[in-house]
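Student: structure for this input, please:
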Amino acid sequence: MLKEVERWLSTRSWSLADRPLHKIMAAKRASGRTVSVVLPALNEEKTVGDIVAVIRHDLMRQVPLVDEIVVVDSGSTDRTSEVAAAAGAKVVHRDDILPRLPAVPGKGEVLWRSLLVTTGDIVCFIDADLKEFSSDFVTGIVGPLLTDPGVDLVKAMYDRPLGSAAGQGGRVTELMARPLLNMHWPQLAGFVQPLGGEYAARRSLLEQLPFPVGYGVELGMLVDSLHLVGLDALAQVDVGVRKHRHQDGQALGRMSAAIYRTAQLRLARGHLIRPVLTQFERGSDGFEPRTYSVDLEERPPMVEIAEYAERKAA
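Tutor: Reported below is the predicted structural model:
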């Protein structure tokens, strides 16, 4: 692990106890900043209502931390919208947001469009399939953004049980995302849950980021935020245990493919890739570095070259 990441872990990884709710509320009053909570939802009638109800009770009625809860329904065929509205959320259908631009399927598409129907200075994303939900998820990740002006994005970290097996959830994280981050973006190797769907960020950051439309959105957001604001503007908070509906193997394969493609695009854009090779030759003063450019250009298939086609025809 990079020394920079070891330092970051000691200065930008926190627990819930580090920021009691009364300190978070004092910071909110002093700053005047507003908070929006967004739940992207697709066929989550069994859980979305409970999540909305807990947030409204704990963080709107008991203390005014959250200013609005918006559920963005991305085409549910069950009663997700009705249940969310009954629990007190503002419900918006994905296709009604920016209708001139036809929507495409995917979680990232919903999160991107949610910026058009929310008003908060801080936007907090919460997955709608969480079970046994606690409002600590919201206070944990919103707190640093209200109390520390140097923080722009906060991810939740937690244990992810798979059935009765502790810590075995997050299979795509361990098999795909973590290796990619460690190899290509080692500054992000300290994130415990890089793909977790619970995170909060300043609107001023989110509005500058591209959003992969599908499951690559979390990885893309981390990489792009690192590039834009630097590691010290990113943080994580331990919120305990996350329980949710697990996907089957084929669904995990599709998620992995989207995440891999998201990484490919960012590498190709040259955010953190250097197409050079440094080698060493011994000189009079010891080993001396020699740096060479790596050939990246490719020629097209010869059948696409007009002269070749003419020659072949002759």
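Student: give me the contacts around the top helix by length along the chain.
Tutor: Ordering each helix of the chain by length in residues (DSSP state H) puts helix 249-268 first. Under the criterion C-beta atoms under 8 Å, 6 or more residues apart in numbering, residues 171-172, 175-177, 180, 184, 195, 212, 214-217, 219-220, 223-224, 247, 272-273 lie in contact with helix 249-268. Every C-beta, even on glycine, is put in place using the N, C-alpha and C of the backbone.
Student: and for stretch 20-38?
Tutor: The contact list for stretch 20-38, computed with C-beta under 8 Å, 6+ apart, reads 55, 63-72, 111, 114, 118-126, 138-139, 142-143, 145-147.
Student: in that stretch, what counts as buried?
Tutor: By neighbour count on 16 or more other C-beta atoms under 10 Å, the buried set for stretch 20-38 is 21, 24-25, 27-28, 33-38.
Student: tell me which residue is most central in the protein.
Tutor: Nearest to the mean C-alpha position of the chain, counting by C-alpha atoms, centre = their mean, stands Glu218 at 2.5 Å.
Student: just checking, that one is part of a strand?
Tutor: No - the assignment for Glu218 by DSSP: H, G, I helix; E, B strand; the rest coil gives helix, which leaves it out of any strand.
Student: ok, it to Ala201 distance?
Tutor: Relative to Ala201, Glu218 is positioned 12 Å away (C-beta to C-beta, to the nearest Å).
Student: quick one: contacts for Val48?
Tutor: 39, 41, 71, 80, 83-84, 87, 89, 128.
Student: now do 10 Å
Tutor: By C-beta atoms under 10 Å, 6 or more residues apart in numbering, the residues touching Val48 are 39, 41, 71, 73, 76, 78-81, 83-84, 87, 89, 91, 126-130, 133.
Student: in strands only, show me those residues.
Tutor: Of the positions in these, 39, 41, 71, 73, 91, 130 sit in strands, assigned by DSSP state E.
Student: and the last one, what's its pLDDT?
Tutor: What the model reports as pLDDT for Leu130 is 93.
Student: against Val54, how distant is it?
Tutor: Distance, Leu130 to Val54, using C-beta to C-beta: 10 Å.
Student: repeat for the fifth one
Tutor: With distances defined as C-beta to C-beta, the gap from Val91 to Val54 amounts to 17 Å.
Student: then the third one?
Tutor: In this structure, Val71 and Val54 are separated by 14 Å, where distance is defined by C-beta to C-beta.
Student: more crowded one of the two?
Tutor: Under the neighbour definition other C-beta atoms under 10 Å, Val71 and Val54 were set side by side, and Val71 has more, 29 against 19.
Student: do you have the strands of the chain handy? List them.
Tutor: With strands called from DSSP E, the chain shows them at 13-15, 35-41, 68-73, 90-93, 122-125, 130-131, 153-159, 199-202, 234-241, 243-244, 276-283, 286-293.
Student: among those, which comes closest to Pro102?
Tutor: strand 90-93 (13.7 Å; C-beta to C-beta).
Student: what residues are up against the nearest residue to Gln208 once chain neighbours are set aside?
Tutor: Leaving aside its chain neighbours, Gln208 sits nearest to Leu228 (6.3 Å; criterion: C-beta to C-beta, 6 or more residues apart in numbering). Leu228 makes contact with 152-153, 205, 208-209, 271, according to C-beta under 10 Å, 6+ apart.
Student: which neighbours do Leu130 and Val54 have in common?
Tutor: Phe137.
Student: on that earlier part again, ok, the residue nearest to Gln208 to Leu209 distance?
Tutor: Distance from Leu228 to Leu209, by C-beta to C-beta: 7 Å.
Student: what's the overlap in contacts for those two?
Tutor: Contact criterion C-beta under 10 Å, 6+ apart; residues shared by Leu228 and Leu209: Leu153.
Student: where's the residue nearest to Gln208 relative to Lys107, distance?
Tutor: Leu228 is 21 Å from Lys107, by C-beta to C-beta.
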